[in-house]
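Undergrad: Just need the structure, nothing else, for what follows:
(one chain, ligands or ions: 1)
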Amino acid sequence: MADLSIEVDGLKFDNPFIIGSGPPGSNASTIKRAFDQGWAGVACKTIALESEKVHNVAPRYARLQIQAEGKKNKKNIYGFQNIELISDRPFSDWMDDFKRIKDEYPDKILIASIMEEPRKEPWQEITERCQEAGADAFELNLSCPHGLPERRMGMAMGQNPEIVKEVCGWVKEVSKVPVWAKMTPNVTDICTPARSAFEAGVEGVSAINTILSVMGVDLETLRPQPTVEGYTTPGGYSCKAVRPIALRMCMELAREFPDKSLSGIGGIETGKDAAQFILLGCHTVQVCTGVMLYSYKMVKDMIRELGEFMDQHGFTSIEEFRGKSLEFFTTHADLAERQRIAKIKKTLEKDADWKGEDFVAQSDALVTKTIS
Ligand SMILES: Cc1cc2nc3c(=O)[nH]c(=O)nc-3n(C[C@H](O)[C@H](O)[C@H](O)COP(=O)(O)O)c2cc1C
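TA: Okay, here's the model as predicted:
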């Protein structure tokens, strides 16, 4: 049977599955549940020193779902949006939780997801207090796209490479455990802020946080969703629909920074999804929305599925196949040249071959093998 354990930045994970920062890691009870079900690590809901400034609204989630007749299957949900803020729990409660969790689960990895205003003192204070309470690693939330940027936090920091470098540097000055910077996808080139984070000395990056989005407009009330007292604000998009974007960004990060650690996030729901992120260079994978749809126990299936994939290919460890698919990315010009050399007769040689009456069938004929 394949060995799913992996050591990343000196942290020993039983398997590559981590709870992504969000509701599934919002207090000791949820974090313990995750560990009991088999998750190797938890990135807690993002915490800050002053929780009094956090005021959540309800509703704060919206979902996109394929409307299959008579079926209310969660598998039909492919898009999820939230306008949730960071944790509203007092910082001292969190520190008590950290101590209790680490006493009870010394071998599991507790990652403190932290965020602060762009000042050195609070960033260093939160880092020191979390590591004293037992955090095994940090994930710097430089990427939440809603609410916090209004206070120059979250994505407002992650979109500015100079601030990324400054903040990561402050944390690295005092941290004694590994630091990952969580990247926003709401940038033109994700490698630019990642480079700044690495220049400041962080061990790894995690990607992606949610994609800034407008979920839709209710055609009866004409109000955009999720509606709070008649109004809304753009939110963060997650779930299956974002997976291709997350895969692309992880691929770019892995190619650009092959010696750094990478935690893949975005629409992961199965062991097969996880295998794809690992094939594109990720050491670990994180799941947030999936747990909100299918509960903590989903990790058992994910472990089985990833193990089956590895056995099928004869891979005995994660490192044996990590990044294995990266070499198959090339330029479009190179693809065309390869087909020219291979003398492949293409289905639709020229745009002039498209016919109005066979249009859908011709489109179908150009589709590659379907990925589920
Ligand atoms: C309801 C909700 C709350 C979230 N809260 C946080 C947070 O506090 N900190 C953070 O870094 N990311 C947060 N995220 C982002 C997730 O950790 C993750 O990066 C993103 O949702 C993509 O992964 P997924 O498709 O598995 O959810 C949140 C996501 C959701 C859906």
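
Undergrad: hang on, isn't residue 265 packed against residue 210?
TA: No - the criterion here is Cβ atoms under 8 Å, and residue 265 misses it with residue 210 at 9.5 Å. For glycine as for every other residue, the C-beta is placed from the backbone atoms N, C-alpha and C.

Undergrad: Of those two, give the one with the bigger neighbour count.
TA: residue 265 (31 against 28; other Cβ atoms under 10 Å).

Undergrad: Check whether the spatially closest residue to that one that is not a sequence neighbour sits in a helix, strand or coil.
TA: In this structure, residue 265 finds its nearest non-sequential neighbour in residue 286, 4.2 Å apart by Cβ to Cβ, 6 or more residues apart in numbering. Recorded secondary structure, residue 286: strand (DSSP: H, G, I helix; E, B strand; the rest coil).

Undergrad: Can you name the residues bridging to residue 286?
TA: Judged by DSSP bridges, the bridge partners of residue 286 are residue 18, residue 265.

Undergrad: Isn't it up against residue 267?
TA: No - here residue 286 lies out of contact with residue 267, judged by Cβ under 8 Å, at a distance of 10.9 Å.

Undergrad: Which one's more surrounded, those two?
TA: For residue 286 versus residue 267, neighbours defined as other Cβ under 10 Å are more numerous around residue 286 (31 against 25).

Undergrad: The ligand contacts on this protein?
TA: 20-23, 45-46, 80, 82, 84, 86, 113, 141, 144, 182, 209-210, 238-239, 242, 265-268, 287-290 (Cβ under 6 Å from any ligand atom).

Undergrad: quick one: the strands in this structure?
TA: With strands called from DSSP state E, the chain shows them at 6-8, 11-13, 17-19, 41-43, 61-65, 77-82, 109-114, 137-141, 179-182, 204-207, 211-213, 235-238, 261-265, 284-287.

Undergrad: Ok, which of these comes nearest residue 367?
TA: Shortest distance between residue 367 and those, using Cβ to Cβ, is found for strand 77-82: 18.4 Å.

Undergrad: biggest helix in the chain, by residue count?
TA: helix 298-313 (DSSP state H).

Undergrad: Quick check: can you list the domain ranges of this protein?
TA: Following automatic domain parsing, one gets these domains for the chain: 6-328, 332-365.

Undergrad: Confidence-wise, which helix or strand of this protein is lowest on average?
TA: Ranked by mean pLDDT, DSSP states H and E, the weakest helix or strand in the chain is helix 359-365, scoring a mean of 92.

Undergrad: Contacts for that one next, please.
TA: 347-348, 353-355 (Cβ atoms under 8 Å, 6 or more residues apart in numbering).

Undergrad: Export these to JSON lines and append columns for neighbour count and pLDDT.
TA: Listed next are the contacts of helix 359-365 as JSON lines, based on neighbours: other Cβ atoms under 10 Å; pLDDT from 0 to 100:
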{"residue": "347", "neighbour count": "11", "pLDDT": "76"}
{"residue": "348", "neighbour count": "13", "pLDDT": "79"}
{"residue": "353", "neighbour count": "11", "pLDDT": "90"}
{"residue": "354", "neighbour count": "11", "pLDDT": "91"}
{"residue": "355", "neighbour count": "10", "pLDDT": "91"}
